[in-house]
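Novice: Sequence isn't available, so here's the structure alone:
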């Protein structure tokens with residue numbers, strides 16, 4: 001199943017709420033923005049590529065949804081504060097925070113072959129970016145006594161894999177940050193959960209992965225296919241909705257059965 005054929009699940013309680021999705025310019029983040037908009041959510045689409053952001057926003061508008069592009073680097077606290085102000089002026093306070101931004105320069109390599117700059121880049125663009133995003137929007141949620149936060153991990157942060165050590169450590173850190181935060185802010189009426197995907201066939205992955213590799217990776221998963229951005233978007237919307245109202249601190253493995261606990 002490809003993501004462009006998947007029909008968004010509708011959660012009526014999401015209508016009229018405001019969401020900020022970092023990493024929203026493509027892949028999982030963009031698909032999540034589209035699913036949120038299909039649910040009547042006002043969507044602030046965050047990312048660093050202004051042209052890509054406008055494409056996502058344009059697609060949402062063409063489908064009848066409400067969205068605005070927010071250009072921001074999630075490793076920059078000042079940029080995130082400016083994003084919060086801009087979103088507030090356009091839509092009001094953020095009810096749903098999807099901290100999905102990631103990246104960095106770290107590539108798979110032995111630990112002793114990993115440059116310090118790549119290590120710091122992997123940690124900053126995945127873990128620190130999540131921390132700073134949450135830090136910018138959490139005070140408003142505490143003040144209102146409500147809000148939902150969904151973070152983005154990876155199976156690389158759940159078990160050893162060929163991924164870079166920096167990326168794996170950062171994603172493991174996101175998992176513990178999620179749990180720590182959920183315990184801390186639960187009494188304030190805020191829920192915090194995490195989606196943790198395995199191999200997802202985004203446009204970027206498709207361009208880098210030849211068909212024979214796709215088949216080999218799919219065979220590693222009991223469901224015998226790669227995941228799609230829609231698979232992750234569906235999980236994220238469930239966690240943001242009132243259908244998950246008694247779920248917090250959970251790590252939802254969107255992994256086709258490759259990781260089981």
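Specialist: Ah, there it is. These figures come from a predicted structure and were not determined experimentally. Residues are numbered from 1 along each chain as shown.

Novice: can you pull out the strands in the stretch 1-150 of the chain?
Specialist: Assigned by DSSP state E, counting those that start in this stretch, the strands in the stretch 1-150 of the chain fall at 18-22, 42-47, 67-71, 96-99, 147-152.

Novice: got JSON lines for those strands, with distance to residue 168 too?
Specialist: C-betas here are computed from N, CA, C, even on glycine. JSON lines is the format used below for the strands of the stretch 1-150 of the chain (distance: least, Cβ to Cβ, whole Å):
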{"stretch": "strand 18-22", "distance to residue 168": "20"}
{"stretch": "strand 42-47", "distance to residue 168": "23"}
{"stretch": "strand 67-71", "distance to residue 168": "29"}
{"stretch": "strand 96-99", "distance to residue 168": "18"}
{"stretch": "strand 147-152", "distance to residue 168": "14"}
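
Novice: Longest strand in the protein, by number of residues?
Specialist: Counting by DSSP state E, the longest strand found in the chain is strand 190-197.

Novice: possible to save the strands of the stretch 1-150 of the chain as CSV with mean neighbour count and distance to residue 59?
Specialist: CSV is the format used below for these (neighbours: other Cβ atoms under 10 Å; distance: least, Cβ to Cβ, whole Å):
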stretch, mean neighbour count, distance to residue 59
strand 18-22, 27, 14
strand 42-47, 28, 10
strand 67-71, 22, 9
strand 96-99, 28, 17
strand 147-152, 26, 21
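
Novice: got a markdown table for these, with distance to residue 85 and mean pLDDT too?
Specialist: As requested, the strands of the stretch 1-150 of the chain are arranged in a markdown table below (distance: least, Cβ to Cβ, whole Å; pLDDT from 0 to 100):
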| stretch | distance to residue 85 | mean pLDDT |
| --- | --- | --- |
| strand 18-22 | 12 | 98 |
| strand 42-47 | 11 | 98 |
| strand 67-71 | 10 | 98 |
| strand 96-99 | 15 | 98 |
| strand 147-152 | 17 | 98 |
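
Novice: who are the neighbours in contact with residue 217?
Specialist: Going by Cβ atoms under 8 Å, 6 or more residues apart in numbering, residue 217 touches 199, 209, 226.

Novice: distance between the helix or strand where it lies and the chain's centre?
Specialist: In the assignment (DSSP states H and E), residue 217 maps to helix 211-219. Here the centre of helix 211-219 is set off from its chain's centre by 24 Å, with Cα atoms, centre = their mean, to the nearest Å.

Novice: moving C-terminal of that helix, what's the next helix or strand?
Specialist: helix 229-240.

Novice: Packing partners of the helix or strand following that following helix?
Specialist: Next helix or strand after helix 229-240 toward the C-terminus (DSSP H and E): strand 251-254. Taking 3 or more Cβ pairs under 8 Å, 6 or more residues apart in numbering; DSSP states H and E as contact, the helices and strands that strand 251-254 lies on are helix 165-185, strand 190-197, helix 229-240.

Novice: Nearest spatial neighbour of the most centrally placed residue in the chain, chain-adjacent residues omitted?
Specialist: Nearest residue to the geometric centre of the chain (Cα atoms, centre = their mean): residue 100, 2.5 Å. Excluding the flanking residues, the one nearest residue 100 by Cβ to Cβ, 6 or more residues apart in numbering is residue 23, at 3.8 Å.
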